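Asks: only geometry, no sequence info:
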C-alpha cells in the first residue's frame, strides 16, 4: 500500500499562474482533506470531502477550488496564484469524520513569486 | 469561534527528562483528541489519541490525559530521547458545528537537549 501520495513534491509559480495538486489514497477512505502549513500557524484546513462527488469549505478556502470525482483522488486547484499562497500543502485521508486517525501525504512545497 | 489553544509554542528539555504539552478546547461536545508528531521535513503522523470515555491513555513513554470538566488535554513524554525532537500538534473536533472537521493547535516545537 502506498498510503497517501501527492504530486508534485515541489513547484514554483509566478503570480497569476494556475496549477493543480493531486492527492491519491489507496486505503478506501471516505474522507479526504487539504491543509496548508505555514510557520507558526499549524495546519489549517482549506477544503475537505466526505465522499466521492462532495466537497466542503474549511477554514481558509479563498483562492482554492477542489474536486473529488473519484473516491481515491482529491484535487486542489489554484486558479490565479498569489504570493500569499506560498506554503506547504498536505493532503490527508481518514475514516468517518474527524473522529479517527488522519493519514497524511508527504506534502507539496509551493512557492509563488 | 471554537479554537484549540496549544502551549507552549516551544519547549526545550534535557534528554531523559519529561516533557508536557497542553491543549485547551472550547466545544464541550468534543469527544476525540489526537496528538500528531511531525519530524523536520516529514508529514504529521498520529502518535496517540484519546476518546472522552477515558481520562488517561498510555503507550510506552507517551501518555495523554484528558480533563473534560476543564476542557483540556495534555501530552506527556517521559525519559525523553533525541528522536523525540519534533513539532507536536493536538487537535479536537467541533461536534456543535455539525461538520466533520477537526481543528489543529498551532504546534509545539520540542527540542531535546543533549
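Replies: Sure, I can see it. Remember, predicted model here, so these are calculated numbers, not experimental data.

Asks: any idea how far residue B:51 is from chain A?
Replies: 8 Å (C-beta to the nearest C-beta, to the nearest Å). Just so you know, the C-beta spots here come from the backbone N, C-alpha and C atoms, and that holds for glycine as well.

Asks: what sits against that residue?
Replies: B:31-33 (C-beta atoms under 8 Å, 6 or more residues apart in numbering or on different chains).

Asks: possible to save those as TSV with distance to residue B:43?
Replies: Listed next are those as TSV, based on distance: C-beta to C-beta, whole Å:
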residue	distance to residue B:43
B:31	25
B:32	20
B:33	20
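
Asks: nearest to chain A, of those residues?
Replies: Nearest to chain A among the contacts of residue B:51, counting by C-beta to the nearest C-beta, is residue B:32 at 4.4 Å.

Asks: show me where pLDDT drops low in chain A?
Replies: In the predicted model, chain A carries pLDDT under 70 at residues A:97-98.

Asks: What parts of it come near chain B?
Replies: For chain A, the residues in contact with chain B (C-beta under 8 Å from any C-beta of the partner chain) are A:31, A:35, A:40-45, A:48, A:50, A:56, A:58-59, A:90, A:96-102, A:104-107.

Asks: So which residues on chain B come close to chain A?
Replies: B:6, B:9, B:31-32, B:34, B:42-46, B:49, B:89, B:91, B:93-94, B:99-107.

Asks: And the contacts of the helix or strand of chain B with the lowest mean pLDDT?
Replies: Counting by mean pLDDT, DSSP states H and E, chain B has its least confident helix or strand at strand B:102-104, which shows a mean of 88. Applying C-beta under 8 Å, 6+ apart, the contact partners of strand B:102-104 are A:35, A:42-45, A:59, A:98, A:102, B:2-4, B:25, B:32, B:34, B:36, B:89-94.

Asks: sorry, back to before: now, which of the residues of chain B next to chain A lie within strands?
Replies: B:6, B:32, B:34, B:45-46, B:49, B:89, B:91, B:93, B:102-104 (DSSP state E).

Asks: Using ChimeraX, define a selection of the buried residues within the residues you listed.
Replies: One line in ChimeraX is enough to select the buried ones among these; burial here means 16 or more other C-beta atoms under 10 Å in any protein chain shown:
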select /B:6,32,34,46,49,89,91,93,102,103,104
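
Asks: Would you mind giving the ones in strands among the residues of chain B next to chain A as TSV with distance to residue A:16 added?
Replies: Compiled in TSV, these are given as follows (distance: C-beta to C-beta, whole Å):
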residue	distance to residue A:16
B:6	36
B:32	41
B:34	38
B:45	36
B:46	38
B:49	42
B:89	33
B:91	34
B:93	37
B:102	34
B:103	32
B:104	30
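
Asks: wait, which of the ones in strands among the residues of chain B next to chain A is closest to residue A:7?
Replies: Lowest distance from residue A:7 to those (C-beta to C-beta) belongs to residue B:45, with 20.3 Å.

Asks: Which strand or helix spans the closest residue to the closest one other than its chain neighbours?
Replies: Leaving aside its sequence neighbours, residue B:45 sits nearest to residue B:37 (C-beta to C-beta, 6 or more residues apart in numbering or on different chains; 5.8 Å). Element membership for residue B:37, per DSSP states H and E: strand B:32-38.

Asks: again, but for residue A:66
Replies: strand A:65-67.

Asks: do residue B:58 as well
Replies: Applying DSSP H and E, one finds residue B:58 within strand B:56-59.
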